[in-house]
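# Following is a predicted model, sequence given first.
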Amino acid sequence: MGEVVEVVAAVIERDGRYLITRRLQDTHLAGLWEFPGGKIWPGEQPEVALKRELSEELGVTAEVGELLESVDWSYPEKTVHIRFFRCAILGAPQPLQGQEMLWVEAAELPSRRFPEADAELIRRLSHTR
Ligand code: DGT
């Protein structure tokens, strides 16, 4: 089974749209859309990690809200434990790492390609309204 990678990701909703970003080339699952976030550093609290990632990737200050979903997913090369938190952000996000960024309506989420680990969350969000 190998290492378990602890990951946090942010569900950011504004005016009925969700903020998604696209994974960069030369990364695991390159080209797929995702909820912004990343790996938790050793010893770091999940909420702190998520605020750090959103600052690094999007240049925003975030307020971390409720835990929406916690998923374990195994790939051939690793297992990830992903926690998705609802987040509110201050200011206008900027894709600081050259990643594509989009605000999409809930109904449009299922037509974007996301990692399989996100499938259940996508299903829930797209049926919310
Ligand atoms: P690397 O290249 O090994 O440093 O990996 P990174 O930095 O590209 O991966 P990172 O830090 O984004 O870790 C997130 C992991 O969780 C990655 O294996 C992809 C997976 N994942 C699945 N769904 C999501 C999602 O919605 N958001 C994020 N951020 N990661 C997701």
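Good, I have the coordinates. Numbering: from 1, shown residues only.

# how about the residues of this structure that lie near the ligand?
Applying Cβ under 6 Å from any ligand atom, we find that the chain lies next to the ligand at 7, 9, 27-29, 34-35, 37-39, 80, 82, 115, 117-118. Where C-beta positions appear, they are placed from N, C-alpha and C, glycine not excepted.

# Out of those, which comes closest to Glu105?
Of all the residues of the chain next to the ligand, Phe35 has the smallest distance to Glu105: 15.2 Å, by Cβ to Cβ.

# partners of the residue nearest to that closest one when sequence neighbours are not counted in the sheet?
Spatially, and ignoring its direct neighbours in sequence, Phe35 is nearest to Ala9 (4.0 Å; Cβ to Cβ, 6 or more residues apart in numbering). Note on Ala9: beta-bridge partners by DSSP bridges are Gly37, Phe84.

# which residues does Ala9 contact?
Glu34, Phe35, Pro36, Gly37, Gly38, Leu50, Ile82, Arg83, Phe84, Phe85 (Cβ atoms under 8 Å, 6 or more residues apart in numbering).

# 7 Å - rerun?
Counting by Cβ atoms under 7 Å, 6 or more residues apart in numbering, Ala9 touches Glu34, Phe35, Pro36, Gly37, Ile82, Phe84.

# count of residues packed around Leu90?
Leu90 sits with 9 neighbouring residues when counted by other Cβ atoms under 10 Å.

# Okay, and the beta partners of it?
Leu90 forms beta bridges with Thr61, as assigned by DSSP bridges.

# Surely it and Leu58 touch.
No - with contact defined as Cβ atoms under 7 Å, Leu90 and Leu58 do not form a contacting pair (10.9 Å).
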